[in-house]
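[1] Mind folding the following:
(chains A, B, C, D, E and F, ligands or ions: 5)
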Amino acid sequence: MIALLSRDLALAVRAGGGFGLGLAFFLIVTVLVPFGVGPESATLSRIAPGILWVGALLACLLSLDRIFALDYEDGSLDLLATAPVPLEGVVAMKAAAHWVTTGLPLVLAAPVLGVLLNLAPAAMGWLVLGLGLGTPALSMIGAFGAALTVGLKRGGLLLSLLVLPLYVPTLIFGAELVARGAAGQVTATPAAMLAAITLATCALLPFAAAAALRVNLR
Amino acid sequence: MIALLSRDLALAVRAGGGFGLGLAFFLIVTVLVPFGVGPESATLSRIAPGILWVGALLACLLSLDRIFALDYEDGSLDLLATAPVPLEGVVAMKAAAHWVTTGLPLVLAAPVLGVLLNLAPAAMGWLVLGLGLGTPALSMIGAFGAALTVGLKRGGLLLSLLVLPLYVPTLIFGAELVARGAAGQVTATPAAMLAAITLATCALLPFAAAAALRVNLR
Amino acid sequence: MASLWQYANPQKFVQTTGAVLPALAVLTALALIAGLVWGFFFTPDDFRQGSTVKIIYLHVPAALMAINAWLMMLVASLIWLVRRHHVSALAARAAAPVGLTMTVIALLTGAIWGQPMWGTWWAWDPRLTSFLILGLFYLGYIALWAAIEDPDAAADLTAVLCMVGSVFAVLSRYAVNFWNQGLHQGASLSMDAEENVADVFYFPLLVCIAGFVLLFVTLVLLRTRTEIRARRIKALLARERMA
Amino acid sequence: MIPDLGKYAGAVMGAYAVSIVLLVLLVAVSMWRGARVRRQLDEIEARRARNG
Amino acid sequence: MELTVSDLACARGGIPVLEAVSFALRPGEALLLRGPNGIGKTTLLRTLAGLQPALAGTASAPPEAIAYAAHADGLKATLSVAENLTFWARIFGTSGIDAALAAFDLGDLAGRQAQNLSAGQKRRLGLARLLVTGRPIWILDEPTVSLDVASVTLFGQAVRAHLAGGGMALIATHIDPGFDVAELDLTRFRAAPQRLDDFDEAFA
Amino acid sequence: MELTVSDLACARGGIPVLEAVSFALRPGEALLLRGPNGIGKTTLLRTLAGLQPALAGTASAPPEAIAYAAHADGLKATLSVAENLTFWARIFGTSGIDAALAAFDLGDLAGRQAQNLSAGQKRRLGLARLLVTGRPIWILDEPTVSLDVASVTLFGQAVRAHLAGGGMALIATHIDPGFDVAELDLTRFRAAPQRLDDFDEAFA
Ligand code: HEM
Ligand SMILES: Nc1ncnc2c1ncn2[C@@H]1O[C@H](COP(=O)(O)OP(=O)(O)OP(=O)(O)O)[C@@H](O)[C@H]1O
Ligand SMILES: Nc1ncnc2c1ncn2[C@@H]1O[C@H](COP(=O)(O)OP(=O)(O)OP(=O)(O)O)[C@@H](O)[C@H]1O
Ligand SMILES: [Mg+2]
Ligand SMILES: [Mg+2]
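    Ligands and ions are numbered 1, 2, ... in the order given. Here you go, the predicted model:
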């Protein structure tokens, strides 16, 4: 099982593997928004937490379809399904690898990008906390969506469509956490909710995703 | 050549082909932003043109990597490169198919989504005009990026990194066009620039993209 | 006279640069130390900007080199595409991280300067913004080199990217100007004496610029030699496997 | 010895520190990688010379 | 352990392709599946490997005893030959890939990335994976595709060594495997087209 | 039109694999390329098809005269058999796919989506594409992979008909094609490992 995690990380670090690109994407979204919205720092700092969360979510999304698709196409998934590892474990490891390659770098880079969008310094810590609590859920939900769509060519957009509504609660609580933190209000509720969502998805979704994979392999 | 366009459109319409999904993605981004940013209609209507443009750009992006990747993987691209059609034409047709399946629906749907974000009615026409003038450039630039990265597994995020900086001028002029239109200022310059960018990319980039494809097939 | 192209032969290139590099390195160190020490210790404060004007000795040379590095890569890419001299492609590859570092230095020193002067770390000023975009181009260029296995294919594709990217970088610069008027200083190193900064700042600045140019040349030569050797290692290992 | 930088000392020193660290890093990485690659190549050339 | 298949029926795309397939394989035995293109060899093998449910009938061996090699090899293009094999060895909880490398003459290629192999070399790597699974029943779908004569011989040796160790092999192929082995022609198990009288049946 | 290859050298991954390959093919002739896995058959065929540049030497026929069939078939999974063929016919500016369907016994499958074909049926569809290109020189990379005996016969008939019409065929394969044809073993053209004394050469 650890073998799977370390292989996926090795693949991500190899040429063309895309490690750190989630980060680059996140950076670019943050740079693009002011081009669209205009450079006034008051507006920017108002919308900064929301934009950062939406950006994190999209960076996640863009790399999702490859969670299982590559293994499906080259036949590894068939072989993994007949190997002596539970498919639920495979799903969990794939989601973990996805988080390490996209979620984690985003958490670490968020403060820098916050500066670019004139995010209030008080909000910075809350943003990092929120992303740290929330992004594992994004990866896990994404793995579930990827399992649902794995047999489809060009599944990428369908996948986004399936997954985005599932991301809404995480997004709402994440943005709320930053907003309240910045305003000096009580942040316990959104933080607890974020943690709860992450724990629940990590506990339950691997089973659903494994079931979906089994159907798609049939 | 027309055969290629009609095949790509047919593939897009088939099950799992992803026609209309660009649209769905666009819709979801527009819906998510208020969750992230908060529902005040004044803020929303200020940032609406920018968000719609950024959304269009991301919807484009998500479907880009498949412009050539599928044909590369199943061997069609090799066969097309040895067929009696110029590779430049192949690139142009692929970009055209991409535009018809993602850009065009966005242009048509933009007014509806504008309403969701409280876009000023005066700006609506300019938004549609801008998207109509600008999205072909997005598809063509994207096809160039896709040609550069076609041989790479998991090229999706690298592709975003390469393509997004190239989207900056289109985005700026597009958002500026709407902003000026809404404010009743002169819009000739941004409109002309958008049209010029689209024309120039469509005239020149097929050659660069075809050269990149030839290198990647080697 | 022997053609300049003889240095396109990797071996010749390595020999020649091996001979000049030590001297070049010493010269670079001298110029940089002289310029920075002069600027830091022996120039007065500006009456408006106070001591922050000392940042100019890092900020401006780094900014200039960030742009010139990209120009050099563009020329080298063209040479590779037209004449297919490997050294040229590898020199472009070697220059990119240097250019990126210069961009980052310009951005960071600018940000640190902006905090006292404009009261903000970052503003979406056209010059700042276009530098950020330049940084993104560097990142993409470096990532593309790193992602492609076959060295010749990588050279071809990055050269195409460099050319297309240059056009779009210029276009972005224009677009960004159009979009926001900004806070940043205009050009002050012009030939027109009226507009120039005062001489006390000007001469040490020139020395610093010379130092950065030398540093760039030295680093690019050094890194190109490394790239040439790495490339040869790859070819030799591949052949050993074939045999 | 250090000139009086007034209220902007932090900014000026910060700018110099950041830039010098970055430059030194760049030079160090370039030289380190250069030396490593050179050593590798020498090894391989020596092996080739031995094996003919 | 023994593989006894009795009265098995299997379907692809919802349409029954084979029915009443019965055969038995004892330790040390191999069986070649024959039959024209499209008769349902791949479908049968996937059913036995546990990748899809059988319509009817049973197979005695649990899917956990089976090592399956499909048309596709499941190689990662950017990992080297040795890394690809090591990965599968770790997944199957075995260790030591040297025997597998040696058996398919991959020693020289061990450090090469899988994407830089020729078609036949890739196939050899795919087959070497079987040796690191440590499983008794091999189920192989056209294993000799793209292999040259020398490699087919290597493959024959590997199968014989596996059988000699008490293993079993079930091989679908169109060409001569180069060693003596029992054959089973699937043509006679072709599923009869169904009468669709019962409404429910159309959903089978 | 004639295909004369003289002194051709070709490389993969920057490393020469074959050199001094020479042969000639006149209208109505076919040639089988033989050689162990990894000798460079695919590389040679791709070079002739114009997909990669030759290191040295020349081939007389322009790539525009050549129809190339690679290891992969270039089928679109969600298009039907007939749609796949029609697409290639339109790209090559020919019309009428019925002859091609008939030649490879695909008539019954014409309406089936390519993803629902078996491995051999997919291959037959890939070969049928050759008939709709209308090009005189066929360059085939292991065309009979996955084909059953009956389909190999169909393939032999198609090649013979093509030759009878003045066409040419160059076929890389490891197995017996089922008809009489000249053979060329590539083993003797293997590129000699080069001395790498000139520094420049390490970049070749
Ligand atoms: C991240 C922020 C910044 C960036 C990316 C940036 C970029 C640049 C660039 C590219 C140049 C050279 C352009 C040329 O010579 O044509 C330059 C020059 C200069 N910058 Fe900045 N800058 C930044 C912030 C600042 C700040 C905050 C100040 C001071 C208030 C400043 C003051 C100057 C001055 C005085 C010059 C010299 C002007 C000249 O001679 O052209 N910069 N900057
Ligand atoms: N959705 C579908 N509808 C109808 N028939 C289908 C569908 N999917 C597959 N088939 C048919 O099922 C049959 C079984 O295919 P299978 O891949 O098992 O054949 P095979 O014996 O492995 O052939 P090959 O030797 O060519 O690999 C084929 O005739 C195929 O055309
Ligand atoms: N990047 C690389 N470095 C070194 N050798 C390589 C590289 N890429 C491919 N090769 C080698 O080039 C040779 C030529 O491969 P090619 O695919 O042409 O062989 P082939 O004759 O078609 O073999 P097969 O019968 O297995 O299809 C192989 O030995 C392969 O291992
Ligand atoms: Mg089969
Ligand atoms: Mg081959």
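
[2] Now chain C against ligand 2: closest residue?
    residue C:149 (32.2 Å; CB to the nearest ligand atom). From N, CA and C alone the C-beta is placed, and that goes for glycine too.

[3] how about that residue, phi and psi?
    The phi and psi torsions at residue C:149 (degrees, to the nearest 10) take the values phi -70, psi -50.

[4] Excluding chain neighbours, what is closest to the closest residue to chain F within chain D?
    Using CB to the nearest CB, residue D:48 is the residue of chain D that sits closest to chain F, at 7.6 Å. With sequence-adjacent residues excluded and distances taken as CB to CB, 6 or more residues apart in numbering or on different chains, residue D:48 is closest to residue C:236, at 7.0 Å.

[5] Would you check how far apart residue A:42 and chain D are?
    Residue A:42 sits 24 Å away from chain D, going by CB to the nearest CB, to the nearest Å.

[6] and that residue, that's in a helix?
    Yes - assessed with DSSP: H, G, I helix; E, B strand; the rest coil, residue A:42 lies in a helix.

[7] And it, how close does it get to chain F?
    For residue A:42, the distance to chain F equals 50 Å [CB to the nearest CB].

[8] Just the local confidence number for that residue, please.
    pLDDT for residue A:42: 76.

[9] cool, and residue C:197?
    Looking at residue C:197, its pLDDT reads 60.

[10] do residue E:144 as well
    On pLDDT, residue E:144 comes in at 85.

[11] ditto for the one 3 residues further on
    In the predicted model, residue E:147 carries a pLDDT score of 87.

[12] now do the one 5 residues further on
    Listed pLDDT for residue E:152 reads 89.

[13] Write out the residues of chain E neighbouring chain A.
    Residues of chain E lying near chain A by CB under 8 Å from any CB of the partner chain: E:49-53, E:63-64, E:66-68, E:70-79, E:83, E:87-88, E:90-93, E:129, E:133.

[14] Mark which of the residues you listed are buried, thanks.
    Neighbour counting by 16 or more other CB atoms under 10 Å in any protein chain shown classes E:49-52, E:63, E:66-68, E:70-79, E:83, E:87-88, E:90-92, E:129, E:133 among these as buried.

[15] Sitting in helices, which of the residues you listed do you find?
    Those of these mapping onto helices are E:83, E:87-88, E:90-91, E:129, E:133, per DSSP state H.

[16] Just the closest of those residues to chain F, please.
    Of those, the one sitting nearest to chain F (CB to the nearest CB) turns out to be residue E:129, at 17.0 Å.

[17] what sits against that closest one?
    Neighbouring residues of residue E:129 by CB atoms under 8 Å, 6 or more residues apart in numbering or on different chains: A:79, E:69, E:73-74, E:84-85, E:88, E:100.

[18] Could you dump those into JSON lines and include pLDDT and distance to ligand 4?
    Compiled in JSON lines, the contacts of residue E:129 are given as follows (pLDDT from 0 to 100; distance: CB to the ion, whole Å):
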{"residue": "A:79", "pLDDT": "84", "distance to ligand 4": "16"}
{"residue": "E:69", "pLDDT": "87", "distance to ligand 4": "12"}
{"residue": "E:73", "pLDDT": "81", "distance to ligand 4": "14"}
{"residue": "E:74", "pLDDT": "80", "distance to ligand 4": "16"}
{"residue": "E:84", "pLDDT": "88", "distance to ligand 4": "23"}
{"residue": "E:85", "pLDDT": "89", "distance to ligand 4": "25"}
{"residue": "E:88", "pLDDT": "87", "distance to ligand 4": "22"}
{"residue": "E:100", "pLDDT": "87", "distance to ligand 4": "25"}
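
[19] ok, so of the residues you listed, who is nearest ligand 1?
    residue E:84 (45.9 Å).

[20] For burial, what's the neighbour tally of that closest one?
    By the measure other CB atoms under 10 Å in any protein chain shown, the count of residues near residue E:84 is 27.

[21] does it really touch residue E:125, like I thought?
    Yes - if you go by CB atoms under 8 Å, residue E:84 and residue E:125 touch, sitting 6.4 Å apart.

[22] Can you check which residues contact both of these two?
    Joint contacts of residue E:84 and residue E:125 (CB under 8 Å, 6+ apart) are E:75, E:114.

[23] Might you list the low-confidence residue ranges for the chain?
    I'll assume chain A. Along chain A, the model assigns pLDDT under 70 to residues A:14-21, A:153-157.

[24] You answered for a different chain; I wanted chain D.
    Using pLDDT under 70, chain D drops low at D:1-7, D:52.

[25] show me where it has helices.
    Secondary structure of chain D, counting by DSSP H: helices at D:9-51.

[26] residue in it nearest to chain E?
    At 14.3 Å from chain E, residue D:44 is the closest residue in chain D, using CB to the nearest CB.

[27] so the nearest residue to that residue once chain neighbours are set aside is in which element?
    Nearest residue to residue D:44 in three dimensions, chain neighbours excluded: residue C:236, at 5.3 Å (CB to CB, 6+ apart). Using DSSP states H and E, residue C:236 falls within helix C:199-242.

[28] got the angle for that helix vs helix D:9-51?
    Helix C:199-242 runs at 30 degrees relative to helix D:9-51, counting by axes from the mean of the first three to the mean of the last three CA atoms, to 10 degrees.

[29] do helix C:199-242 and ligand 1 meet?
    No - judged by CB under 6 Å from any ligand atom, helix C:199-242 stays clear of ligand 1, getting no closer than 8.2 Å.

[30] right, and residue A:47 touches residue A:37 too?
    Yes - here residue A:47 reaches residue A:37: they are 7.2 Å apart, a contact under CB under 8 Å.

[31] got any residues that touch both of the two?
    Residues touching both residue A:47 and residue A:37 by CB under 8 Å, 6+ apart: residue B:47.

[32] what about the spatially closest residue to residue C:151 that is not a sequence neighbour, how many neighbours?
    Spatial nearest neighbour of residue C:151, excluding adjacent residues (CB to CB, 6+ apart): residue C:231 at 6.0 Å. Using other CB under 10 Å, residue C:231 has 24 neighbouring residues.

[33] Need the pLDDT of residue C:231.
    Each residue has a pLDDT score; the one for residue C:231 is 87.

[34] shouldn't it be in contact with residue C:154?
    No - look at residue C:231 against residue C:154 with CB under 8 Å: they stay out of range, at 10.6 Å.

[35] re earlier: the residue of chain D closest to chain E: neighbour count?
    So residue D:44, with other CB under 10 Å, has 16 neighbours.

[36] would you list every one of the strands in chain E?
    With DSSP state E, the ranges of strands along chain E come out as E:3-12, E:15-25, E:30-34, E:56-59, E:66-69, E:137-141, E:168-172, E:182-185.

[37] okay, and for chain E, where does confidence drop off?
    For chain E, the ranges with pLDDT under 70 are E:194-204.

[38] In contact with whichever residue of it sits closest to ligand 3, which residues?
    Residue nearest to ligand 3 within chain E: residue E:120 (2.7 Å; CB to the nearest ligand atom). Counting by CB under 8 Å, 6+ apart, residue E:120 makes contact with E:146-148, E:151, F:36-38, F:174.

[39] Mind doing that once more with 10 Å?
    Going by CB atoms under 10 Å, 6 or more residues apart in numbering or on different chains, residue E:120 touches E:144-148, E:150-152, F:36-39, F:41-42, F:142, F:174.
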